[in-house]
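Colleague: coordinates for the following, if possible.
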Amino acid sequence: MEDNQKILKKKYIPTTEFYSQIIDSLQDYSIFTLDKEFIINSWSAGSTKIFGYETDEVIGEPFDLIFTDEDIIKEIPKKEIETALKEGRATDNRWHIAKDKSLFYAYGLVFPLIGLDGEMLGYVKILRDLTDRKQSEDAIKKYVKELEELNTHKESVLAILSHDLRSPLSAIIGTAKYLKENFHKMKPESVQEMLDLLYKSSTDELEMLDYLVEWARIKYASDVFSPTKIKLTEYIDKVFETLNETASINTINLHHEIEADTSVFADGKMLISIIQNIVSNAIKHTGKGGTITVSAKSKEDKIIVQVKDTGIGMSKEIMEKLFTPQMKTLSETRKKNKGAGIGLLLVKGFLEKNGGEIWVESIEGEGSSFYFTLPIEKPLYKIGSSDEIMFDESA
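Modeller: Next up is the predicted model:
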């Protein structure tokens, strides 16, 4: 047996064609090589299956052909090569782009290709398509996150219903009962005062209930979510038209500095609610003669909108709790007729639904700036969690 092994070892020398056949049989892997100028100079059958490019379509093309525009801007192809040269190999998990512009998630490995005499020949890139696994991982994380959010959401709604709606409603009923039993012996001005109070309290409760219905819609009525590409200025003008009278009473100037062709990809009804809540909140916290300015700028694939006021500003402690208010905070803001608590929760929920986020910058006594983002185009893909998922290299 040992003699046979020696004969086989001595006589059999694998050919280039043998290695080529092995590489081409690995249909789940993309394997290709680059020259020293990072130009593709070989392409496996697995590469064609995964990327959709035939060999003659990619030979002579640059390495960055397979990377997304975002990664090219970040110089990811260059960084991969630099790491491979420095450490002997570079590994990475990221989204890549195929010939048909579809995206897939892959585990990648790059290492230098060294000749028999030690000379530098180029680089080898190996990719394994892990899109299905990535999507499964993301789906699980998203599902767990949604369950946690729904539980918190349910508890918050129940707490608000029992605390922020029940107590004022009891006061309204008590006042109405008193009027019913005593109005005939009360002075007209006292009756008028109590009726005014009843009206204000009732409309406040209705406003709070409307907030809750909208907030619940974020979680439970996904069928009404219908994002499209819309012009931002049209929606800001609609909000300004609605709030102009309130702003004028306090001689507050509303204006925007957004170009007419600025567009976002969002649900129109939600966008109206987002802008109206933020601008309305700014009006409540801006003194007479103040100014509220809405502006926007693009950054990569998003629009960043700024709503800046010259109002009273807020402390660091308030800012930290602004988008996760507790029951006590909500009650206090309502008593002071500020009502920002539920409104900002609503805004945050709508923005997250549309793939955006919100934050605030403020200086006490000088004013506040609320910032929110929205995508410019319909996202090609959406990762369910911001957590980085690292795959084992042996996967």
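Colleague: so which strand or helix has residue 246?
Modeller: Here residue 246 is covered by helix 232-249, with elements defined by DSSP states H and E.
Colleague: ok, residues contacting that helix?
Modeller: Where contact means C-beta atoms under 8 Å, 6 or more residues apart in numbering, the residues beyond helix 232-249 that reach it are 253-254, 256, 258-260, 262-264, 268, 271-272, 275-276, 279-280, 283, 292, 294, 296, 303, 305. Bear in mind the C-beta positions are built from the backbone N, C-alpha and C, glycine included.
Colleague: for stretch 279-290, same thing?
Modeller: Under the contact criterion C-beta under 8 Å, 6+ apart, stretch 279-290 has outside partners 239-240, 243, 246-247, 250-254, 292, 294, 307, 309-312, 314, 337-340, 343-344, 367-368, 370.
Colleague: do the same with stretch 90-101
Modeller: Residues from elsewhere that reach stretch 90-101 (C-beta under 8 Å, 6+ apart): 50-53, 57, 66-68, 71, 76, 79-81, 83-84, 103-111, 127, 130, 380-381, 389-391, 393.
Colleague: what residues sit buried inside it?
Modeller: Neighbour-count burial for stretch 90-101, counted by 16 or more other C-beta atoms under 10 Å, picks out 90-91, 93-97.
Colleague: show me where the chain has strands.
Modeller: Secondary structure of the chain (DSSP state E): strands at 29-34, 40-43, 90-97, 103-114, 120-129, 227-231, 253-256, 263-267, 291-299, 302-309, 358-363, 367-375.
Colleague: need those strands in CSV (columns: mean pLDDT).
Modeller: Formatted as CSV, those follow (pLDDT from 0 to 100):
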stretch, mean pLDDT
strand 29-34, 82
strand 40-43, 86
strand 90-97, 84
strand 103-114, 83
strand 120-129, 84
strand 227-231, 92
strand 253-256, 94
strand 263-267, 93
strand 291-299, 94
strand 302-309, 95
strand 358-363, 92
strand 367-375, 94
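Colleague: got CSV for these, with distance to residue 192 too?
Modeller: As requested, the strands of the chain are arranged in CSV below (distance: least, C-beta to C-beta, whole Å):
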stretch, distance to residue 192
strand 29-34, 79
strand 40-43, 83
strand 90-97, 66
strand 103-114, 65
strand 120-129, 74
strand 227-231, 46
strand 253-256, 34
strand 263-267, 43
strand 291-299, 34
strand 302-309, 35
strand 358-363, 40
strand 367-375, 37
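Colleague: so which of these gets nearest residue 321?
Modeller: With C-beta to C-beta, the closest approach to residue 321 among the strands of the chain belongs to strand 358-363: 11.2 Å.
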